[in-house]
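1. Sequence first, predicted coordinates after that:
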Amino acid sequence: MKSKILGLLVCGLLLAAAMAVPALAEDRPMPVVTGEHWMKSTPQERKAFLVGAATIIELDQEVQGKHPAKNSTIEAWAEGLSPYTFDQMVDTIDKWYAAHPDKLKRPVVSVMWYEMAKPNCPASSLPTEVSEDVKAKAAKAKAGHTKTKAGN
C-alpha cells in the first residue's frame, strides 16, 4: 500500500511539474492522470496525487521567488487552490467527474485548473502575456494528446 501511495505521489509530482513547466512537458512526454484513473483510485491515492501537485506548486514558488516569469501560472495555481483543503479538493473533483461521466478522459489537472483554481483567481494573478512560442508548444502538445487519445 505504501509503495502504491508513493508511486501515485511521484506521478502527482511529475504531473504537477508538467503544469508548471509546459515546455518541459512538451519535450518530455508525461503520464496524464484522467478521470478514469481518478475514479478508480482510493481516497488516499487521490489525496496523495493532490499533495504531490501542491508540493510542486510550492517548489516552483520557491524557485521563482518574488518575481515569477510573466507567463507563469504558479501564483494563480497557489491562490486559486488556497481556499481548499485536500479533502475539499478530492470532494470537488469527485463531484465534477460524477456530474460529467461522459468526460472521464479529461485530465485531472484540467478539472483542477478550470473548475477550481482559475475561478478563484483575480485577473492580476493570471499571466498577462503568453509568448507565441508558448502558444505554439501548447498547440503542439494538445494535438499530440488528441492523437494519443484517439489511439486508445
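-> Perfect, I can see it now.
2. Please determine how far Glu45 is located from Gln88.
-> As judged by Cβ to Cβ, to the nearest Å, Glu45 and Gln88 stand 17 Å apart. For the C-beta atoms, the positions are set from N, CA and C on the backbone; glycine is no exception.
3. The two: which is more packed in?
-> A side-by-side neighbour count of Glu45 and Gln88, using other Cβ atoms under 10 Å, places Glu45 first with 21 against 12.
4. counting contacts, what elements does the host helix or strand of that one pack onto?
-> Assigned by DSSP states H and E, Glu45 belongs to helix 43-64. Under the contact criterion of 3 or more Cβ pairs under 8 Å, 6 or more residues apart in numbering; DSSP states H and E, helix 43-64 touches helix 2-20, helix 74-81, helix 86-99.
5. mean pLDDT lowest for which of those?
-> Averaged per stretch, pLDDT over these is lowest on helix 2-20, reaching a mean of 47.
6. Residue ranges in the chain under the pLDDT threshold?
-> 1-27, 128-152 (pLDDT under 70).
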